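**Q** I'd like to go over a predicted model; first the sequence, then the structure.
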Amino acid sequence: MFHVVDTTIFDRPLLDDLCELTTLVRTVAKSPEGARQLQQLASTKRAMLYFTQPSTRTFLSMNNACHVLGIRTSEIRNASVSSEVKGETFEDSIRTFSSYVDLIVMRTPDSGYAARAAALMGSIPRPVPIVNAGSGKDQHPTQALLDIYTLERSFEDSGGIDGKIIGMMGDLKRGRTVRSLSRLMRHYEGVRVVFIAPDKFEMEPDIKAFMAEHGIPFVETGRLHETLPTLDAIYVTRIQFEHDVDNESSGVNLAPFTIGTHELGLLKKTAVIMHPLPRGPEIAVAVDQDPRAMYWRQERNGMWMRVALIAKIFDLDQEIRELASHIS
Ligand code: NCD
């Protein structure tokens, strides 16, 4: 594994492997001794976090995931403090970062930039891996990984993701998390997807075509209450108002697309509620108390999954397995 630009690099064996590695890393990190050993694994490496779009969880979990492995990090979180304001091109900036570090993790407001950075690496003498931490409205592959891990763990006693009915709700049109997660559903047997969205924000045709092409059954509905009792998981997302060009979000009635205490009564006892966060009004705070609310655990899983991913990029997975094998 080198660049992680989109979800196409993942197949089922790799997804299973990363989930297993995530659990192993967590196990090793539990003891102070294990945590110290993990920090030795990549202590000569440096990473650059280049985030020119707001981020809390992805930034912090990537940064801390690097630290878990002993990787030192530097950051640019605003293009206005980089030489891009002096007219430096995107490619020259990325090439500069690559001169100083061994890994570039990047998030941009527009799509396509992580792919451009990865393409540039193909033409320079010291290429470093590029990890896409969110590219515009299009992709968020590392979020999809932590979502897969959270789903797999939630369904640990019932055969994992295979055979489950997964609902995805909210702004499916402009939400990159659901777009990346939908793509990964092709690797699971017998999964059915239900897209629940207001008309204005229904899933884009490219994802629906992808699902049809890969034989992932899906239906679209605006009726949450009828759908809820059938679901094994509901993945809720917020309205991506920052992508409005003509104030589209303001006229939409979101009330039918929210989870509150009433909706909890309609959901299976074994179902899980997920959300990439940050949340808006689409999940009531009261829902946090319900054992099916998985989003805070999901957020924490994100750090461990990112440790596993970075370990895989730097070929450290055998060492981690070795460390884990000493723990009984
Ligand atoms: C998501 C994102 O940035 O796409 N957040 C995250 O990374 N956890 C979801 C969102 O902002 O709605």
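**A** Yes, it's here.

**Q** Quickly note the distance from residue 222 to residue 156.
**A** Going from residue 222 to residue 156 by C-beta to C-beta, to the nearest Å gives 32 Å. Just so you know, the C-beta spots here come from the backbone N, C-alpha and C atoms, and that holds for glycine as well.

**Q** Same check on residue 115?
**A** Counting by C-beta to C-beta - residue 115 and residue 156 are separated by 35 Å.

**Q** next helix or strand past the one helix or strand residue 91 maps to?
**A** Assessed by DSSP states H and E, residue 91 sits inside helix 90-100. Using DSSP H and E, the helix or strand that follows helix 90-100 towards the C-terminus is strand 103-108.

**Q** Could I get the average pLDDT for that following strand?
**A** Mean per-residue pLDDT for strand 103-108: 97.

**Q** Next one: that strand, is it in contact with the ligand?
**A** No: Strand 103-108 does not reach the ligand (C-beta under 6 Å from any ligand atom); its nearest approach is 7.5 Å.

**Q** who's in contact with the spatially most central residue of the chain?
**A** Residue closest to the average C-alpha location in the chain (C-alpha atoms, centre = their mean): residue 143, at 0.2 Å. By C-beta atoms under 8 Å, 6 or more residues apart in numbering, the residues touching residue 143 are 58, 134, 176-177, 180-181, 276, 302.

**Q** please redo it, this time with the cut-off set to 10 Å
**A** 57-58, 61, 132-134, 176-178, 180-181, 276-277, 298, 302, 305-306 (C-beta atoms under 10 Å, 6 or more residues apart in numbering).

**Q** before we move on, what about residue 203?
**A** With C-beta under 10 Å, 6+ apart, residue 203 has these contacts: 168, 171-173, 175, 178-179, 182, 193, 195, 197, 211, 218, 220.

**Q** Show me the contacts of residue 143 that map onto helices.
**A** 57-58, 61, 176-178, 180-181, 298, 302, 305-306 (DSSP state H).

**Q** ok, which of those residues also contact the ligand?
**A** Among these, the ligand is touched by 57-58, 176-177 when using C-beta under 6 Å from any ligand atom.

**Q** So what's the residue count around residue 63?
**A** Using other C-beta atoms under 10 Å, residue 63 has 18 other residues around it.

**Q** which bits of the stretch 51-200 of the chain sit near the ligand?
**A** Within the stretch 51-200 of the chain, the positions lying close to the ligand (C-beta under 6 Å from any ligand atom) are 57-58, 134, 140, 143, 176-177.

**Q** filter those residues to the buried ones?
**A** 57-58, 134, 140, 143, 176-177 (16 or more other C-beta atoms under 10 Å).

**Q** Relative to residue 310, which of those residues is nearest.
**A** residue 58 (13.3 Å; C-beta to C-beta).
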